[in-house]
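Q: Okay, here's the prediction I keep looking at, along with the sequence it came from:
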Amino acid sequence: MHPFASRRSDSVAALGEIGLISAIRGWLGSAAPPPPFGMGDDCAVVPGSRRRQLLKVDPVVFTRHFDARVPPRAVGAKLLKRNLSDIAAMGGRPGCAVVALLLDPQVSVAWLEQFHRGLAACARHYGVALVGGAVGQAPGTLSASLTLLGQAPARLLTRRGARAGDRIYVTGVLGNSLASGHHLSFRPRLAEGAWCARQPAVRAMMDLSDGLAKDLPALTPAGLEAAVLARALPRRARADVRAALSDGEDHELLLAVDRQRDPASFAAAWQKAFPRTRLTCIGRFVRRGQLPPEALRLDDYHGFEHLRA
């Protein structure tokens, strides 16, 4: 059976990333446990140890996540930080990692040296041990995939748990990530994520990486809608509302906070813990069909989805 379809309707492009993941979950059936022990969250939770472990894998691919203008040291750091951001989104602490390379035979040795030096410097900074990996040949390809193992917090924080009336918060600022260089210079919110896991008022959390319009539905419970206000969006310089909702590569935390928690006291506690990290309430969850007229219609915006044009 040939692995490439002759018609687009028979290809993964017709499904898109979300449809493909849903199909894979069905194909795997009972071999794939439900989240958080299987696919469906920022990391998989690995059972069977004294402390639950987090497992995450993410790649960087030439022409998709970087190009020849990006220094190879920055590419190596970005590979690790992409994975660290997902560990942060579940309040975890990183441990060890392995890296798999797919390389065209013409890939420059000098480029790979600088890539690994950048990866190593980032790993030392965040206390990650690089314990192995693999190398494979793939014509026309330069891709590195990192698998990161981390330790789950005592209280596991996932994407599920928000309720009607809960407030929606985001760290940092959004939009214009590529032009500003933020997609390379971002700092994984590890300390902030661990703090959130210790706050009973934080009901759910996730990494914001594909754009708010695409990611927020994963935090939204069935029967609810996210009422997000345009004026509340924290935007990076030269980012309009559409950019803040759709650009992606922000690598910030998106969290749902109990409606019963006083917003002023929550903001004060955050400010005391993280005086240099901005935290913004951008809206709240409401019953479906009760979206206020001033709220954004998120269906009118699109973040980044793999395999979709």
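A: Happy to help now that I have it. Keep in mind it's a predicted model, so treat the numbers as computed, not measured.

Q: my read is residue 87 is in a helix, agree?
A: Yes. Assessed with DSSP: H, G, I helix; E, B strand; the rest coil, residue 87 lies in a helix.

Q: since we're on residue 58, how many residues are nearby?
A: 20 (other C-beta atoms under 10 Å). C-betas here are computed from N, CA, C, even on glycine.

Q: meant to ask about residue 181
A: 12.

Q: pLDDT value on it, please?
A: pLDDT recorded at residue 181 is 95.

Q: Now do it against residue 44, distance only.
A: As for residue 181, its distance to residue 44 is 31 Å (criterion: C-beta to C-beta, to the nearest Å).

Q: try residue 86
A: 10 Å.

Q: Any stretches of the protein with poor pLDDT?
A: For the chain, applying pLDDT under 70 flags the ranges 1-4, 28, 31-32, 47-49, 304-309.

Q: quick one: the strands in it?
A: 44-46, 53-61, 93-103, 129-137, 142-151, 167-171, 202-208, 224-228, 252-257, 279-287 (DSSP state E).

Q: Could you export those as TSV, including distance to residue 271?
A: Shown next, in TSV, are those (distance: least, C-beta to C-beta, whole Å):
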stretch	distance to residue 271
strand 44-46	31
strand 53-61	28
strand 93-103	23
strand 129-137	34
strand 142-151	27
strand 167-171	12
strand 202-208	16
strand 224-228	22
strand 252-257	15
strand 279-287	8
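
Q: Ok, which of these comes nearest residue 115?
A: Of all those, strand 142-151 sits nearest to residue 115, with 7.3 Å by C-beta to C-beta.

Q: and that closest one, what does it pack onto?
A: Identification of packing neighbours for strand 142-151 by 3 or more C-beta pairs under 8 Å, 6 or more residues apart in numbering; DSSP states H and E yields strand 53-61, helix 72-88, strand 93-103.

Q: For it, C-alpha coordinates in PDB please.
A: Coordinates of the C-alpha atoms in strand 142-151 are reproduced here as PDB (Å, rounded to 0.1, in the frame of the first residue of the first chain):
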ATOM      1  CA  LEU A 142      16.500  18.600   8.800                       C
ATOM      2  CA  SER A 143      14.400  17.800  11.900                       C
ATOM      3  CA  ALA A 144      15.100  17.300  15.600                       C
ATOM      4  CA  SER A 145      12.600  15.800  18.000                       C
ATOM      5  CA  LEU A 146      13.100  16.000  21.800                       C
ATOM      6  CA  THR A 147      11.300  13.800  24.300                       C
ATOM      7  CA  LEU A 148      11.300  15.200  27.800                       C
ATOM      8  CA  LEU A 149      10.500  13.400  31.100                       C
ATOM      9  CA  GLY A 150       9.400  15.500  34.000                       C
ATOM     10  CA  GLN A 151       8.000  15.100  37.500                       C
END
